[in-house]
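> Fold the following, please.
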Amino acid sequence: MERLDEKAFEELIESRNLKVLRERLTVMEPLDIAILLESVPEEEMALAFRLLPKDIAVEVFDDFDGPTQHRLLGSMANRSASQLLEAMSPDDRAELLDEVPASVARRLLGLLSPEQRQITLQLLGYEENSAGREMTPYFVDLHSDMTVTQAMDRIRLLSVDRETIYECYVIDPQRHLKGTVTLKSLVLANPDARIGDIARPDPRKVFTHSDREEAARELREYRLLAVPVVDSEERLVGIITQDDVADIVEEEVTEDIYRFGAVQGTERSYFTTRITSVARRRMSWLLLLLVANTATASVIAAQEALLAEVVLLAAFIPLLIDTGGNIGAQSATVVIRGLATGEIRPRRALWIVGREVSVGLLLGLLLGLAVLAWAYWLGRDAQVSMIVSLTLLGVATLATTIGSAMPFAFRLSKIDPALVSAPLITTVMDIAGVVLYFSVAHIILFT
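Residues are numbered from 1 along each chain as shown. All right, here's what the predicted structure looks like:
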């Protein structure tokens, strides 16, 4: 059947032809239903959502963003809201409760069964952005002394509500993680073989206090179906699966982009945040950069006599500082991205910075040669042209050095490298660029 668009949806709502609306919705993919309902007024969304069969409604609800889930739960009776919350995976439920106001979170927690409430509170007890907060406690655990037949019986018993059954986790009586075994290896193994004999020992794992980015990196680099999460005593408490990684990477990239643009904001709720809060978050960075930029003005003001004597020098200040900021931001971007994805290791910092310095020298030479002729054509002054060209060479080299070194310095100081924002790099290069410019000018003009 043809997908339902907004126009057809509105017509069915207005005519109150709810039977046909239900039929049209139930043959659509859950993600398509979620996208459609998020685009219509809230009252119509709630009405249409109530028409969905329970199994489809759960999947659609899972595809909504956090604010939409919050609004929908608020419009539901306690029983309906309870059913939806119970059907959510524990990690998704914890994420939802973490986003809503505390009073709403308490109400929603009260709708859960004692077992699910305890699981949710356990996840919320872990530090934000940690592996413990992102994990699900629903996995298949097998004891090493089980036979393959016993293991297969346990998988059949648990498979209904487990995140994945394709990789199972071997534990001892104290729940210490001993190894992993795949469903394929169980199917191919002798039914009387012991699990401990066919399991792969010493699997990759992360701790509950590990950063969630580390878990994502383990899954990506070692191509795992899921990564086990253990507590401080190395007891297995949960797993993080591939579908969780997609969400983690998206949120971390969003957070890094916000920080790199000197914008303080949350990953999922920025565009639903009040304008006053947005302005307040941006103001702290802008005030800091405003104060820092006064240093540039002070340097230029201190060279009043030089600028009065050679007025043409002032015309090239924007060109030099803008070029330095752009080049520095480019270097910082590639290094931050490399650190985030694991492509760059901190121990290679000197090699990476050296490589970027070489890039800066090459860029400086090419840009310097280009601007040498351009500056002479504009001002008909050979000395000023030489000053601009040499400064551009120095600015390009300095920008790549600072832009590539600052993320490593921040990482060494236990600070998120994404805080090396483009405005900060630009401000630093503004100051360094004008200092270098006037230093070169003094050397060429007065020596």
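
> what helix or strand does Lys373 sit in?
Actually, residue 373 is Ala. It isn't Lys. Using DSSP states H and E, Ala373 maps to helix 349-379.

> Buried residues of that helix, list them for me.
Residues 349, 352-353, 356-357, 359-360, 363-364, 367-368, 371-372, 375-376, 379 are the ones in helix 349-379 that count as buried (16 or more other C-beta atoms under 10 Å). No exception for glycine: its C-beta is placed from N, CA and C like everyone else's.

> tell me the secondary structure for Arg204?
Using DSSP: H, G, I helix; E, B strand; the rest coil, the secondary structure recorded for Arg204 is coil.

> Enumerate every residue touching it.
Residues in contact with Arg204 (C-beta atoms under 8 Å, 6 or more residues apart in numbering) are Glu218, Tyr222, Leu224, Val227, Pro228.

> which phi and psi does Pro228 have?
Torsion angles at Pro228 (phi, psi; degrees, to the nearest 10) stand at phi -70, psi 150.

> next one: Asp416
phi -60, psi 120.

> What score does it have for pLDDT?
Asp416 is assigned 71 on the pLDDT scale.

> What's the separation between it and Leu350?
If you measure Asp416 against Leu350 using C-beta to C-beta, to the nearest Å, the figure is 22 Å.

> on that earlier part again, check which helices and strands the helix holding Ala373 sits against.
helix 312-315, helix 317-341, helix 382-412 (3 or more C-beta pairs under 8 Å, 6 or more residues apart in numbering; DSSP states H and E).

> among the ones you listed, which is nearest Val291?
Nearest to Val291, of all the helices and strands packed on helix 349-379, is helix 317-341, at 17.2 Å by C-beta to C-beta.

> still on that earlier bit, go through the helices and strands packed on helix 349-379 and name the closest to Val58.
Short answer: helix 317-341, nearest of these by C-beta to C-beta, at 33.0 Å.

> Identify each buried residue in the closest one, please.
In helix 317-341, counting by 16+ other C-beta under 10 Å, buried: 317, 319-321, 323-340.

> and the angle from it to helix 382-412?
Orientation check (axes from the mean of the first three to the mean of the last three C-alpha atoms, to 10 degrees): helix 317-341 against helix 382-412 gives 20 degrees.

> Quick one: mean pLDDT for helix 317-341?
pLDDT averaged over helix 317-341 gives 84.

> helices and strands around it, which ones?
helix 242-260, helix 349-379, helix 382-412, helix 422-446.

> Switch the ones you listed over to CSV; also include mean pLDDT and distance to Leu307.
Output for the helices and strands packed on helix 317-341, formatted as CSV (pLDDT from 0 to 100; distance: least, C-beta to C-beta, whole Å):
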stretch, mean pLDDT, distance to Leu307
helix 242-260, 68, 34
helix 349-379, 88, 14
helix 382-412, 89, 12
helix 422-446, 85, 9
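
> most packed of those helices?
Comparing the helices and strands packed on helix 317-341 by mean neighbour count (mean count of other C-beta atoms under 10 Å), helix 382-412 ranks first with a mean of 22.

> Check which helices and strands it sits against.
helix 312-315, helix 317-341, helix 349-379, helix 422-446.

> Where does the prediction get shaky in the stretch 1-150 of the chain?
1-3 (pLDDT under 70).

> re the thing from before, distance to Ile35 added to the helices and strands packed on helix 317-341, as a markdown table?
Listed next are the helices and strands packed on helix 317-341 as a markdown table, based on distance: least, C-beta to C-beta, whole Å:
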| stretch | distance to Ile35 |
| --- | --- |
| helix 242-260 | 16 |
| helix 349-379 | 41 |
| helix 382-412 | 37 |
| helix 422-446 | 32 |
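
> Nearest to Ala305 among the buried residues of helix 349-379?
For these, the nearest to Ala305 is Gly379 (19.3 Å; C-beta to C-beta).

> can you list contacts of whatever helix or strand Glu59 lives in?
In this assignment (DSSP H and E), Glu59 forms part of helix 54-63. Contact partners of helix 54-63, identified using C-beta under 8 Å, 6+ apart, comprise 25-26, 30-31, 33-35, 37, 49, 52, 69, 72, 83-84, 87-89, 92.

> if you look at those, which of them are in strands?
In strands, defined here by DSSP state E, there are no members of these.

> Whichever of those end up buried, select them in PyMOL.
Command for PyMOL, covering only those of the contacts of helix 54-63 found buried under the criterion 16+ other C-beta under 10 Å:
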select buried, resi 25+30+33+34+37+49+52+69+72+84+87+88+89+92
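
> Show me the domain layout of this structure.
6-126, 141-244, 270-446 (automatic domain parsing).

> Please produce a markdown table containing these, extended by distance to Met135.
Below are those laid out as a markdown table (distance: least, C-beta to C-beta, whole Å):
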| stretch | distance to Met135 |
| --- | --- |
| domain 6-126 | 6 |
| domain 141-244 | 3 |
| domain 270-446 | 20 |
